[in-house]
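**Q** here you go, sequence then predicted model.
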Amino acid sequence: MPTDATLSVITISYRDLAGLTRTLESVAEQTYAPLEHIVIDGGSGPSVEQLLERANPSYWQSEPDAGRYDAMNQGIDRATGDVVWLMHSGDCFASRDSAAIGMAALGAAGAVRDRWGYGRVRIVGDPRRDGLEWGYSPFEMRPFALGIRPIPHQAALFGMDLVRDLGHYDVGFGLAADHLYMLEAAQREQPVVIDAVLCDFDAGGAGSVRPQREHFADIRRSLNVTGYHPWGRRGLTTVASRIVEYTARSKHTARTVLSRRTHGGDR
């Protein structure tokens, strides 16, 4: 890996003073250099502006935007580094060396600007799952595309040449635009799987708590948008996806019933 490869960490935020504070501190503690930190805040008010003035990241703005993916696109457009890492407000690197570990792994696989990769996350902010690790190895295209083995976006980093080739996140796609983005990336370049916990993932966000029905509907939309059909035909892939969805929802229902009985909530 070139010793002068710059990492651009991009943080989006909106009305999350405490979460943004944690993320700013985490990025500032990273041992990797050179690193730039870009913060795109959606206009959260004076308290956040004062925080950003004190923290003094490489670039920041606090003004209305068109939502999370518009903010992410704005951050990417501002980035000057060789590698982009999107670390949202509330998410933090797992250790002071996490950025260095990710960059070293990406560099060992070849030119960093052409590559992308991901590691694991440690779940926080959800009492039922606190401390659990999420991430899958090895990477397998079919289970990933079907939503069986999703990639934790906060633990993913993308070379800038690949980012420019992919273009912007689809602001009209909804909460699964990050899955669509990574599916398009995987069709161009096999990801590097990094054997490390790279970040603490705040599981309280909207994308983490929405119904499974919506999640799998978006998975099928992403397959149609990219034209990737693991079974060769759209109809067969749709059937397979619905089977996966039914199985996942059945397991979720069973876990919910068991939890209620265990904690006395099922009378």
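**A** Structure received. For clarity, every value in this text was computed on a predicted model and none was experimentally measured.

**Q** ok, and the closest non-adjacent residue to the spatially most central residue of the chain?
**A** What sits nearest the mean C-alpha location of the chain, by C-alpha atoms, centre = their mean, is H153, with 1.7 Å. Excluding its sequence neighbours, the residue lying closest to H153 (C-beta to C-beta, 6 or more residues apart in numbering) is D178, at 4.3 Å. Every residue, glycine included, has its C-beta placed from N, CA and C.

**Q** distance check, the one you found against S98.
**A** Distance, D178 to S98, by C-beta to C-beta, to the nearest Å: 19 Å.

**Q** neighbour count winner among those two?
**A** Between D178 and S98, counting by other C-beta atoms under 10 Å, S98 is the more crowded of the two (26 against 22).

**Q** wait, that one touches Q30, no?
**A** Yes: if you go by C-beta atoms under 8 Å, S98 and Q30 touch, sitting 7.1 Å apart.

**Q** can you check the pLDDT for the residue nearest to the centre of the chain?
**A** On pLDDT, H153 comes in at 94.

**Q** could you do T262 as well?
**A** pLDDT at T262 comes out at 60.

**Q** ok, the residue nearest to A28 when sequence neighbours are not counted - how many residues close by?
**A** Residue nearest to A28 in three dimensions, not counting chain neighbours: A55, with 7.2 Å by C-beta to C-beta, 6+ apart. A55 has 17 neighbours, counted by other C-beta under 10 Å.

**Q** so what does A55 have for phi and psi?
**A** As for A55, its main-chain torsions (degrees, to the nearest 10) stand at phi -70, psi -30.
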